[in-house]
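Peer 1: coords below, sequence missing:
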């Protein structure tokens, strides 16, 4: 292999690694969102009234970046959304009509590592798919993530697992190194 080809490959790999590291360590906001819960139930206001179907769901919006997310917007397909929501922790927001149909809930900023949960309560025939449309900020769309409940193991067990993982990694690297050394001694 010629020296020029080796240099081109080296520069290309270095450039790609640099791009990835820059994106990873760059100071910017980054929004993620997920559903906190989805539920439904039958409710009777008093003994004489018929049961009505009440639906509820919540979305969690979190800024996992290193800068504040500015002008966070949560889009909805329906109007009069302000009467159906509860926001925790309490935050200042405005409800703005969207041309065409629907409304947006707008937050001026979401600080780094800050989360907001918006809980909706509504009656049928509305359901989750007919309410939320998008979450975005000045830097772009929020990434939707699927969240699964999982067991949280004790801290001491997590530390033991990480130590065993590290020992296994070091052992694998050592065996790989010894194998390469063995091969080079056989053929060279």
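Peer 2: Received the coordinates, thanks. This structure is a prediction, so every number in the text was calculated from the model and none was measured.
Peer 1: Please give me every residue in contact with the most centrally placed residue in the chain.
Peer 2: The residue lying closest to the centre of the chain (Cα atoms, centre = their mean) is residue 32, at 3.0 Å. Residues in contact with residue 32 (Cβ atoms under 8 Å, 6 or more residues apart in numbering) are 61, 62, 64, 142, 143, 144, 145. In short, each C-beta sits where N, CA and C put it, glycine included.
Peer 1: ditto for residue 90
Peer 2: Counting by Cβ under 8 Å, 6+ apart, residue 90 has no contacts.
Peer 1: SS state for it?
Peer 2: With DSSP: H, G, I helix; E, B strand; the rest coil as the basis, residue 90 sits in coil.
Peer 1: separation between it and residue 108?
Peer 2: 14 Å (Cβ to Cβ, to the nearest Å).
Peer 1: counting contacts, what elements does the longest helix belonging to the chain pack onto?
Peer 2: The longest helix of the chain (DSSP state H) is helix 155-187. Of the remaining helices and strands, none touches helix 155-187 by 3 or more Cβ pairs under 8 Å, 6 or more residues apart in numbering; DSSP states H and E.
Peer 1: List of residues touching the lowest-mean-pLDDT helix or strand in the chain?
Peer 2: Among the helices and strands of the chain, helix 3-25 carries the lowest confidence by mean pLDDT, DSSP states H and E, at a mean of 83. By Cβ under 8 Å, 6+ apart, no surrounding residue is in contact with helix 3-25.
Peer 1: What strands line up against the next helix or strand after it, and which way round?
Peer 2: Next helix or strand after helix 3-25 toward the C-terminus (DSSP states H and E): strand 31-43. Paired with strand 31-43 in the same sheet, following DSSP bridges, are strand 52-63 (antiparallel), strand 143-144 (parallel).
Peer 1: nearest to residue 123, of the ones you listed?
Peer 2: If you check each of these against residue 123 by Cβ to Cβ, strand 52-63 wins as the nearest, at 5.8 Å.
Peer 1: how distant is that closest one from the center of its chain?
Peer 2: Taking Cα atoms, centre = their mean, to the nearest Å, one finds strand 52-63 lying 16 Å from the centre of the chain it belongs to.
Peer 1: And for stretch 181-188?
Peer 2: For stretch 181-188, the separation from the chain centroid amounts to 48 Å (computed by Cα atoms, centre = their mean).
Peer 1: Same question for stretch 11-31.
Peer 2: From the chain centre to the centre of stretch 11-31 is a distance of 19 Å (Cα atoms, centre = their mean).
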